[in-house]
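Student: I need the structure of the sequence given here:
(one chain, ligands or ions: 1)
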Amino acid sequence: MKLLVTGGAGFIGSEFVRKAVEIGYDIAVIDKLTYAGDLERLKEVESNITFYKADITNKEFVEYIFKKEKPNIVVHFAAESHVDRSILDASPFIETNVKGTQVLLDVAKDIGVEKFINIATDEVYGELGEEGTFREDSPLVPNSPYSVSKASADMLGRAYYKTYKLPVITVRPSNNYGPWQYPEKLIPVVILKALNDEKIPVYGTGQNVREWLFVSDCAEAVFEIMEKGKVGEIYNVGSNQERRNIEVVKTVLKLLNKPENLIEFVKDRPGHDFRYSLDTTKIKKEIGWEAKTTFEEGIENTVKWYLDHIEWTKKKLNYLKEYWEKVYK
Ligand code: NAD
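Tutor: Predicted coordinates for the structure are as follows:
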C-alpha cells in the first residue's frame, strides 16, 4: 500500500510519517520545506521514505510524482498553518491551502486514487461562546484568513467527491500540541521564552479556550479514518480536553519551575476566536477511536521533549525574533 503524504516534513505530517513507517506502509512525501518544514523531523525514517521537495501548487511536478509513485492513498497535510501569519499576509494561505489543494485534487482525479484524506481543521466552524460544541454538520463560519483558506480547501474536497466521485474523506482535528511543533505556536513559544526568562506574551486576558489534542493521538486518528472511514464523510477529531490559554501557560510555567510574573498580557489577536469545541460522537461510534492522552500527560511529555531538544528549538530563534516583533506589539 503506497501512501503519498503532503506536508510530511511539518509538525503533524511528520508524526504521521514516522508512525506509517513503523506500521510498514510504503511512503512518498511531498513538502516544499517552507520555514515550517524541517527534514530533521524525518531523520530517523529518511532511508524508509521517498522525499520530494516540491510545491503542491506546481501541477506539472505533482503530476510527475503521482505517475512515478502511483499512490493508493493521498494524505494531504501540506498547508500554511499559522493564524497570526495569515493576518499579516493572506496570500500564501490562498496560494497553498486553496490552489495547492485544488491542484492535488485535480491530479488525484485525473490519475485516480483509492482515497484522498483531506486534513481540515476545527477552525472552519468559527467560534463558540462558553457553551456548545460543533458537529460535522454544523455550518462553516470561518473568521480568519487561515480558517477561510482551510474552509475553502475543505469545501473543494467535498465538491470533488460530489462532482467527480473522487473518494475524499475530510478530517477536522482540534488544536494539536506535542514534540516537533514549530516554536511560533502557543506551547513552544511559552517554553522557549520561559527558559530564557523572557516575558511570555498572552493575547487579551488569556480566557480563550482550545481543545488540546496530543499530536500522536491525531496521527493515530488519521490512520483509523484512512482504514475505516467512509468516503464522502467528515470526521471531527477532538480530545474533549478543553483548557483556557492562561491555564495552559500556567501549567507550562509550573512544569518548568518558572514564576507566573513572566506572563505579559498583550493586545488581543484581531478577530480572535473565543472557543472551539468538537462533538466527537461520530468518530467514536463509527470508527471506534478516541484520544488516549490527557492534557496533563501530553503537556508533561511535550515540555520534556523540548528540554531534550533545546538545540533544535534554538536554531529557529533568530528567524522567530523578527517575527515576534511584528506580531506581539
Ligand atoms: P506545519 O506548518 O507544521 O506543517 C506544514 C507543512 O506543509 C510544512 O512542512 C511545510 O513545509 C509544508 N508546506 C507548506 N506549503 C507547502 C506547499 N505549497 N507545498 C508543499 N508543502 C508545503 O503544520 P501542521 O501544524 O503540521 O498542520 C498540518 C495540517 O493540519 C495543516 O493542514 C493544518 O491546517 C492542519 N491542522 C493543524 C492543526 C494544529 O493544531 N497544528 C489543527 C488542525 C488542523
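Student: Endpoints of stretch 267-274, how far apart?
Tutor: Across stretch 267-274, the terminal residues are separated by 15 Å (Cα to Cα, to the nearest Å).
Student: So which residues on the chain come close to the ligand?
Tutor: 6-7, 9-13, 30-34, 36-37, 55-57, 77-81, 96, 100, 119, 121, 150, 173, 175-176, 182 (Cβ under 6 Å from any ligand atom). Backbone N, C-alpha and C define where each C-beta goes, glycine included.
Student: Can you select the buried ones among these for me in PyMOL?
Tutor: To isolate the buried members of those in PyMOL, using 16 or more other Cβ atoms under 10 Å:
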select buried, resi 6+7+9+10+11+12+13+30+31+32+34+36+37+55+56+57+77+78+79+80+81+96+100+119+121+150+173+175+176+182
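Student: right, and Asn301 touches Ile187 too?
Tutor: No. Counting by Cβ atoms under 8 Å, Asn301 stays clear of Ile187, with 11.3 Å between them.
Student: which of these two has more neighbours?
Tutor: Taking other Cβ atoms under 10 Å, Asn301 and Ile187 do not tie; Ile187 has more neighbours (23 against 16).
Student: Next, the contact list for Gly8, please.
Tutor: Ser14, Phe16, Val17, Ile27, Val29, Ile30, Asp31, Leu42, Ile49, Phe51, Phe77 (Cβ atoms under 8 Å, 6 or more residues apart in numbering).
Student: tell me the contacts of the residue nearest to the fourth one when sequence neighbours are not counted?
Tutor: In this case it means Ile27. Ranked by Cβ to Cβ, 6 or more residues apart in numbering and with sequence neighbours excluded, the top spatial neighbour of Ile27 is Ile49, at 4.5 Å. Counting by Cβ under 8 Å, 6+ apart, Ile49 touches Gly8, Val17, Val21, Ile27, Ala28, Val29, Leu42.
Student: Can you classify the residue lying closest to Glu69 once chain neighbours are set aside as helix, strand or coil?
Tutor: The shortest distance from Glu69 to any non-neighbouring residue, by Cβ to Cβ, 6+ apart, is to Ala28 (4.4 Å). Counting by DSSP: H, G, I helix; E, B strand; the rest coil, the backbone at Ala28 sits in strand.
Student: hmm, back to that, among the residues of the chain next to the ligand, which are located in helices?
Tutor: Phe11, Ile12, Gly13, Lys150 (DSSP state H).
Student: Test my guess that Ile299 contacts Thr251.
Tutor: Yes. Counting by Cβ under 8 Å, Ile299 sits close enough to Thr251 to count as a contact (5.6 Å).
Student: what do those two both touch?
Tutor: Contacts common to Ile299 and Thr251, judged by Cβ under 8 Å, 6+ apart, are absent.
Student: Between those two, which is the more surrounded one?
Tutor: Ranked by neighbour count (other Cβ under 10 Å), Ile299 and Thr251 place Ile299 first, with 23 against 18.
Student: Tell me which residues touch that one, please.
Tutor: Contact analysis of Ile299 by Cβ under 8 Å, 6+ apart lists Tyr177, Ile187, Trp212, Val248, Thr251, Val252, Leu255.
Student: Recalculate using a threshold of 10 Å.
Tutor: Contacts for Ile299 were tallied using Cβ atoms under 10 Å, 6 or more residues apart in numbering; they are 177-178, 187, 212, 214, 241, 243, 248, 251-252, 254-255, 293.
Student: Look at it and report its pLDDT.
Tutor: The model reports Ile299 with a pLDDT of 98.
Student: How about the secondary structure of it?
Tutor: helix.
Student: can you map out the strands along the stretch 51-200 of the chain?
Tutor: 73-76, 115-119, 168-173, 175-177, 200-203 (DSSP state E, counting those that start in this stretch).
Student: neighbouring contacts of the fourth one?
Tutor: Same thing as strand 175-177. 11-12, 15, 81, 121-123, 185-188, 209-219, 237-239, 241-243, 248, 276, 293, 295, 298-299, 301-302.
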